[in-house]
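Q: Sequence first, predicted model second:
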Amino acid sequence: MSLSNVTRRGFGALSAALLATSALVLPAVAQTPPEALVIGQIAEPKSLDPHAVTAVNDFRILMNIYDGLVRYKPGTLEVEPSLASGWEISEDGTVYTFTLREGVQFHDGTPFNAEAVVFNFERMLNEDHPHHDTGPFPLSFFFSAVEEVEALDAQTVRFTLNAPYAPFLSNLAYPTGLIVSPAAVETHGADVGRNPSGTGPFKFAEWRSNEAVVVTRNPDYWDGTAASEALIFRPITDANTRVAEMLAGGIDMMVEVPPTALSQFRTDDFKVAEQAGPHVWFLILNAKEGPFADKRVRQAANYAINKSALVNDVLEGTAEIAAGPTPPAFAWAYNEELEPYPYDPDKARELIAEAGAEGAELTFYVTEGGSGMLEPISMGTAIQADLAAVGFDVEIETYEWNTFLGRVNPGLEGKADMAEMAWMTNDPDTLPFLALRTDAWPDKGGFNSGYYSNPKVDELLEAARASTDQAERAKLYQEMQTIVQEDAPWVFVANWKQNAVTAANVQNFQLEPSFFLLLKDVGKE
Amino acid sequence: MGGYILKRLVSAVPVLLGITVIVFAIMSLIPGDPATAILGSYATPENVEKLNRDLGLDKPLVQQYFIWIGNMLQGDFGRSFALNRPVLDEVLDRFSATLVLAGAAFILCAVLGIIAGVISAARQYGWADRAITVAVILGISIPSFFLGMMMILFFAVRLKWLPVSGMYAIYGGGDLPDLLRHLAMPAIALSLVATGVVARLSRAAMLEVLRQDFIRTARAKGVGEGRVIWGHALRAAMVSIIPVLGIQAGFVLSGAVYIEIVFQWPGVGRMLVDAILKRDLLLVQGGVVFVAACYVFFNIVVDVAQSLLDPRIRT
């Protein structure tokens, strides 16, 4: 046998193998089924127990399986009845009495009633509750003002707070306030997160780890049945792969489209949805020491940074310029009169000269990624260049997200002059209360890492939290925004617009300012 | 032979213990803790402290280490913070997916690499040798994740022949052809560099052997050229090729991380990356120890295979 025969045989075997492989690919790749919606998620969910999770990624599934006592009105961040058909608030704002909807059942067939509500809050808040060990419940402090939850009768439940706390209703509309079937907790214990049972428009069907979470239509839903027979949530962590799946037709919908990929979807085959959310991206300035201790220098930074370039070029139009500390998505509490600091490097230089801070050296903390941080490295670099143009010598220090939080949250003193940060909240109270009050300095357990302090702001925020009248709260928040903008403890940069892409045949899809994904009425043509 | 295997197994024990110390120390030393990662924006010192207590992370480090080791020796790897499920379940699920991917890539690189190397050596400086050399250098030079993305764009997005990502179709599917369709691109992308390396080194090993006396003797005795190459020479060259395969097996296992991310393959590499970013201590520790144990075991298998081919190694 000659060598040439042997090698030819080798090549023959190779081509046979190649042929066999191509036979495998011949059947065309299946498209998504007509009756189910396939959603590209950014990560594997942690758990489907709403009290155990903190990530928006998980909330997107949960909001379709569970209901809370209240929910946000479509397209707003104002609460409306859900499992509670109505409620009364006592004069002093400490007692909330809810009337519950009748005839509602959990997916496991057990009835929804006042006892079930009490069970849910006791499990989260009372360390002696027999099922408290099914936690931990990291966001239970949303309800730390709750002193007592009682079932007055089967359809009435009363919450007593230890002090007036205006964000209470809004927190009930948050996923941490969703109601889980007590029977499911009793049966599954800590594994209830993998065997969820709620009252929502979809029932849990299966969870294939790292592949998909499948939920199917609840035919008995109290608020009308869902348009799709099933929802399939697929975790696809890599953004480029998610985009490729969307382009190839392997998913019907994706969220958090990278800004640079958005233009590929502006064709007849896809629909792009955008919605500004309760998000603000800002720079914390160290108001305690260094050049930013002077208000004029803080204002100068606000003038020096070209926000429209950041929003349009770096973020490719996926965000809007922020004017103050409160995002416009909180329409009722937002101060419409606020104008963003214009881009004015000359004015900035003037202020810096007045303060005698020319050529100051600044340390700038930048993160590599992180929830709501958008494009932190490119933004950090662009900001560095803008500040250099008015004479600052800015040195960037970059950290991985959790390391970054570990450096920023304890306060910037002695370490840095400025740091990137972003927040997404469900109530206009949360961010300023946790990050702008004097009592929220890091040593007091808050997030005021730049040590801003203005007694008037403290007073306004305390008053707004104690009031239960929305119009009055709105007035207080608006006044706070004017003062904070003038004091400039932060550089107000951007409000993120959440985006999503759907295939062209997906109907009735709308993004919510809450960033939740509500899919009850969404279906395919 | 039994004594040799036993000796190798015993020598693996201190290696594995060392790995547990190192991975535990690294996870304790890196900044950021699980409670901060879980709480994100809401990580006030007070909330962090409470959650750390709930997670059992408030105990001294040495005590945490011994609790971990003790539990692991009883088969309890703990519970993942970020996925809220037993670490071992998750690791086994994920590792089997990685084995499928890395196994396929390994078979591809071993078979194609050796065939290409042998042909190259047999036809030294011929057109086949030159063609293979060019292909091999291209293969070694293209980063696998980049090749993966390009393959997705071409075969999945443009031609729609193959699915973009995942291991099985989300609806229907789940059978072997479905798995092979999902496996094709990631396995090829993952095997490419290893194939190139195996081909280069097989070629060198074969050339070395082909110059030896026994080959000339075989040819002089009139043994057919095919048998000389694929029988006599390849068998002798395998002694130097097998350790290369052992190293490449480790390489495809670790290289699987990038490929798993690009193709959303539910494997252990992607799991570890996610777990590190979330500071999911027990999952990282359990996963690393498991993968390291497999790697150590694999090396022993390679050494034993080599000693079977060449008994001189055993001493």
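A: Thanks, I have the structure now.
Q: alpha carbons only for contacts and neighbour counts from here, please
A: Fine.
Q: if I pick B:Ile259, what's in contact with it?
A: B:Ile259 sits next to B:Ser144, B:Phe145, B:Gly148, B:Pro186, B:Ala189, B:Leu190, B:Trp265 when contact means Cα atoms under 8 Å, 6 or more residues apart in numbering or on different chains.
Q: That one falls within a helix, correct?
A: Yes: under DSSP: H, G, I helix; E, B strand; the rest coil, B:Ile259 falls within a helix.
Q: got the buried residues for the helix or strand harbouring A:Glu274?
A: In the assignment (DSSP states H and E), A:Glu274 maps to strand A:270-276. Applying a neighbour-count criterion of 16 or more other Cα atoms under 10 Å in any protein chain shown, one finds A:Phe270, A:Lys271, A:Val272, A:Glu274, A:Gln275, A:Ala276 buried in strand A:270-276.
Q: Among the residues you listed, which one lies nearest to A:Asp294?
A: A:Asp294 has its nearest neighbour among those in A:Ala276, at 32.5 Å by Cα to Cα.
Q: Help me confirm that that closest one comes into contact with A:Asn495.
A: Yes: with contact defined as Cα atoms under 8 Å, A:Ala276 reaches A:Asn495; the gap is 6.9 Å.
Q: State the mean pLDDT of the host helix or strand of A:Gln481.
A: Secondary structure from DSSP H and E places A:Gln481 in helix A:470-487. On average, the pLDDT along helix A:470-487 is 95.
Q: what is the rounded mean pLDDT of whatever helix or strand comes next after that helix?
A: Beyond helix A:470-487 on the C-terminal side, the first helix or strand identified by DSSP H and E is strand A:490-503. The average pLDDT within strand A:490-503 is 94.
Q: helices or strands up against the helix or strand that strand A:490-503 is followed by?
A: Using DSSP H and E, the helix or strand that follows strand A:490-503 towards the C-terminus is strand A:506-507. Counting contacts by 3 or more Cα pairs under 8 Å, 6 or more residues apart in numbering or on different chains; DSSP states H and E, strand A:506-507 is packed against strand A:523-524.
Q: How far does the strand it packs on sit from its chain's centre?
A: Distance, stretch centre to chain centre, for strand A:523-524: 25 Å (Cα atoms, centre = their mean, to the nearest Å).
Q: just checking, A:Thr398 touches A:Gly369?
A: No: using Cα under 8 Å, A:Thr398 is not in contact with A:Gly369; the gap is 10.0 Å.
Q: how much space between the residue nearest the centre of chain B and A:Thr99?
A: Computing the C-alpha centroid of chain B and ranking residues by Cα atoms, centre = their mean puts B:Leu253 first, at 1.0 Å. Distance of B:Leu253 to A:Thr99, computed by Cα to Cα, to the nearest Å: 58 Å.
Q: check which helix or strand covers A:Asn240.
A: Assigned by DSSP H and E, A:Asn240 falls within helix A:239-248.
Q: Kindly report the residues of the stretch 51-200 of chain B close to chain A.
A: For the stretch 51-200 of chain B, the residues in contact with chain A (Cα under 8 Å from any Cα of the partner chain) are B:51, B:54-55, B:82-85, B:115, B:119, B:152-153, B:156-158, B:160-166, B:170-171, B:177, B:180-181.
Q: neighbours of the spatially closest residue to A:Lys46 that is not a sequence neighbour, just the number please.
A: Once flanking residues are discounted, A:Lys46 sits nearest to B:Leu83: 4.3 Å by Cα to Cα, 6 or more residues apart in numbering or on different chains. Residues near B:Leu83, counting by other Cα atoms under 10 Å in any protein chain shown, number 18.
Q: residues in contact with B:Leu83?
A: By Cα under 8 Å, 6+ apart, B:Leu83 lies in contact with A:Pro45, A:Lys46, A:Ser47.
Q: so what does the helix holding A:Gln481 touch, helix or strand wise?
A: By 3+ Cα pairs under 8 Å, 6+ apart, helix A:470-487 packs against helix A:295-304, helix A:455-466.
Q: Which segments of chain B make up each domain?
A: Per automatic domain parsing, the structural domains of chain B span B:2-87, B:94-314.
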